[in-house]
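> Sequence first, predicted coordinates after that:
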Amino acid sequence: MPDVTLDTIVNLAQRRGFVFQSSEIYGGVRSAYDYGPLGAELLRNVRDAWWEAMVRDRDDVVGLDSAIIQAPKVWEASGHLSSFSDPLVECTNCNNRFRQDKLDDPEQCPSCGKRGTFTEPREFHLMFKTFMGPVEDDAAIVYLRPETAQGIFLNYENVRRTARLRLPFGIAQIGKAFRNEITPEKFVFRTREFEQMEMEFFCRPEEAEQWHQHWLDARMAWYTALGMKADHLRLRPHDADELSHYSAATSDIEYLFPWGWDELEGIANRTDFDLRAHSEASGQDLRYYDQEADERFYPYVIEPAAGLTRSAFSFLIDAYDEEQVGDETRVVLRLHPRLAPIKVAVLPLSKKDELVEVTGEVAAALRHRWAIEVDVTQSIGRRYRRQDEIGTPYCVTVDFDTLDDRAVTVRDRDSMEQVRIPITDLPAHLEERFAGAI
Ligand code: GAP
């Protein structure tokens, strides 16, 4: 298990403005979080890296951005209304509620420690309900989507027709999802509002197994290409009794979190369950017509379903490092440059006007290319440490010599090595050092 504790990450994330508790000034809403300046950049970088790998870099996947609120019939046909629930038990001693399938010991309450005090499990439905329109009656009930996937199935034919796609092809989407989780837990790992990155890959039924393997390999490679340690990742096939109602086979990509192995992403063979169910419920024929073979059939679907908020959290954990430098402990986030919220920090050695002025010029020359931070307060050593702690790959220092030689010092986050570079060469120098990474 990695040495870093959950508390260490939560502390760093809150102290440095990655993540705040939602509605903090009112005491906080349990299980909803707000992303501060650095967290918003980190999320954006993970989102962009996923979109690039899954959509832009491929000629067989296109993007979609569908609505969160959908016709209630969608959830009837998809099976969510009848099956999307978790077993809830309540401790009759302390009245706390738990997901039975997540208890270490199904007989012992993790809150008060009493044994044999749980009620019989009851299925607790996870979809958030609300009303659409001015009248709050049963006919006005709508649901917040619990997965982004259904928006893709609903638009399967729209997208196929307008983008003139032929099998095999995928439709990808990133967006918010909502689940009324019984036990939100472990900071942003399991929350009631979160963001997903999902792709539905439609193929001929006989090719489904081969595409399933393709996406297992591709998704594992995505995490390691973004710097996640390979020995902190593993694939775990679901047992038959764990499979979702739509799945013929699912493997989870698991990450070695501070509390042990846990799910990062699920990659499922959803068969033709969804297109068939929506065809039958809507009366629209969603079968694919193969002109050459003159046959109609329901495509099978392979679905890599990742959590954006959960991935960002995992990248944060994986990047965390501490090392001894002299008699100090240096905290450094070894984030892949692609994911680092700030790419370059520009630091004047002192607050003197002439240095601050050159700092402004240097920052302006870099700002249109990368996320830049200018920091003028406290000693340069402390500012380096602050940038190390948020994972900034390079610090550029403007000192008094700069006024004469028009050169600056570039410091590398990981090696702490410093090189002197003329200001005019700085953008090209950084471009070269980032090359291929961003
Ligand atoms: N469409 C399939 C689907 O939604 P899932 O395994 O329930 O599958 C996919 O969810 C991913 O979404 C998970 O692997 C996880 O990363 C993320 N996820 C699910 N529930 C979550 C929650 N309550 N909080 C944060 N992330 C969550």
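Received the coordinates, thanks.

> What is the neighbour count of the residue of the chain found nearest the ligand?
Nearest residue of the chain to the ligand, counting by Cβ to the nearest ligand atom: residue 307, 2.5 Å away. For every residue, glycine as well, the C-beta is placed using N, CA and C. Residue 307: 23 surrounding residues under other Cβ atoms under 10 Å.

> residues near the residue lying closest to residue 69 once chain neighbours are set aside, how many?
Sequence neighbours aside, residue 142 is the residue nearest to residue 69 in space, at 5.2 Å (criterion: Cβ to Cβ, 6 or more residues apart in numbering). Neighbour count of residue 142, defined by other Cβ under 10 Å: 18.

> Numbering from 37 from now on, please.
Fine by me, first position is 37 from now on; the one you just mentioned is residue 178.

> name the element residue 178 belongs to?
For residue 178, the element it lies in under DSSP states H and E is strand 177-179.

> same check, this time on residue 350
Per DSSP H and E, residue 350 falls inside helix 344-355.

> Which residues outside the next helix or strand after that helix are in contact with it?
Note on helix 344-355: by DSSP H and E, the next helix or strand toward the C-terminus is strand 356-361. Strand 356-361 is touched from outside by 38, 40, 44-45, 48, 365-370, 452, with contacts defined as Cβ atoms under 8 Å, 6 or more residues apart in numbering.

> which of those residues count as buried?
40, 45, 48, 367-369 (16 or more other Cβ atoms under 10 Å).

> which residues does residue 288 bridge with?
residue 272, residue 302 (DSSP bridges).

> Can you give me every residue that contacts it?
Contacts of residue 288 (Cβ under 8 Å, 6+ apart): 271-272, 274, 299-303.

> Now do the contacts for residue 320.
By Cβ under 8 Å, 6+ apart, the contact list for residue 320 reads 193, 314.

> ignore the last one, residue 379
373, 406-408, 428-430, 470, 474.

> Counting neighbours, which of those comes out on top?
residue 428 leads the contacts of residue 379 on contacts (other Cβ under 10 Å) with 27 neighbours.

> Return the distance of it relative to residue 375.
12 Å (Cβ to Cβ, to the nearest Å).

> what's the helix holding residue 350 in contact with?
Applying Cβ under 8 Å, 6+ apart, the contact partners of helix 344-355 are 38, 40, 45, 48-49, 54, 69, 75, 78-79, 82-83, 86, 210, 223-225, 227, 230-233, 259, 262-265, 268, 291, 293-294, 300-301, 369-372, 375, 427.

> do the same with stretch 182-199
Contact with stretch 182-199 is made by 98, 100, 102-103, 106, 110-111, 114, 116, 120, 162-164, 181, 201, 205, 207, 209-211, 213-215, 232, 234, 236, 238, 310-311, 314, 320, 322, 324, 339, 341, as judged by Cβ under 8 Å, 6+ apart.
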